[in-house]
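Participant: This is the structure alone, sequence omitted:
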């Protein structure tokens, strides 16, 4: 397990990320609800609050990925001797790694008028190869897990309601607060009661167990 030390200067953090990638040589890098920097270099939550002082620049891992045909002149990882790998971002509020894929100029509108009040004023600019967006990042991630279970035939890759409850309870016990209501001690996700999360997971697991997933994602009978 590699843990980015807190308080590193930007270039020190960049060197640390290069070293981790060079050592692991990953095939896939996945970020779920990971805050990424905006165009001004700052990190913000979905309300636009600057949280740079408590956010380490792990999004550098995604920016350092090498690209096909890279000659090493850029700062995207080729000079670190990295092999190509796929990156996936999962988010919901616009401030997460991967949200740089979105055409924010279109969504935020002209003349300072946003198309929706919940759109961020300072969206993340860090891109990924693929982006999954959900009403909450958790739910999009559960969908990815269900797809993996269906495609691989490994049912255990799906997330159970009990697993999700344990994870959420562990986060609450560690002092986490709801990302929308900012309430502490509540088993909620972005203002949604855990019962709603349970219904989503029950539906995903029913598709996997009953063979009702889309044909391309269906588990072989008997698994």
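Facilitator: Cool, got the structure. Since the model is a prediction, treat every value here as computed from it, not as a measurement.
Participant: For residue 126, give me its contacts.
Facilitator: The contact partners of residue 126, by CB atoms under 8 Å, 6 or more residues apart in numbering, come to 36-37, 59, 62-63, 89, 97-100. Glycine gets a C-beta too; all of them are placed from N, C-alpha and C.
Participant: As TSV, those with pLDDT would be great.
Facilitator: As requested, the contacts of residue 126 are exported to TSV (pLDDT from 0 to 100):
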residue	pLDDT
36	97
37	96
59	97
62	97
63	95
89	98
97	98
98	97
99	96
100	96
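Participant: Return the subset of the residues you listed lying in helices.
Facilitator: Among the contacts of residue 126, the members falling in helices are 62-63 (criterion: DSSP state H).
Participant: all strands in the chain, in order from the N-terminus.
Facilitator: 28-32, 86-91, 130-133, 188-189, 192-193 (DSSP state E).
Participant: can you list contacts of the second one?
Facilitator: Read it as strand 86-91. The contact list for strand 86-91 (CB under 8 Å, 6+ apart) reads 27-34, 36, 62, 65, 96-99, 101, 124, 126-134, 137, 140-141, 144.
Participant: For the buried ones among the residues you listed, write the corresponding ChimeraX selection.
Facilitator: In ChimeraX, a selection of the buried entries from the contacts of strand 86-91 looks like this (16 or more other CB atoms under 10 Å):
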select :29,30,31,32,33,34,36,62,65,96,97,98,99,101,124,126,127,128,129,131,132,133,134,137,140,141,144
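Participant: check contacts around the residue most central in space within the chain.
Facilitator: Taking CA atoms, centre = their mean, the centroid of the chain lies closest to residue 32, which sits 2.1 Å from it. If you count contacts by CB under 8 Å, 6+ apart, residue 32 has them with 90, 137-138, 140-141.
Participant: Quick check: chain neighbours aside, which residue is closest to it?
Facilitator: In space, and not counting its chain neighbours, residue 32 is closest to residue 90: 4.4 Å by CB to CB, 6 or more residues apart in numbering.
Participant: quick revisit: any idea how far the residue nearest to the centre of the chain is from residue 151?
Facilitator: Using CB to CB, to the nearest Å, residue 32 is found at 19 Å from residue 151.
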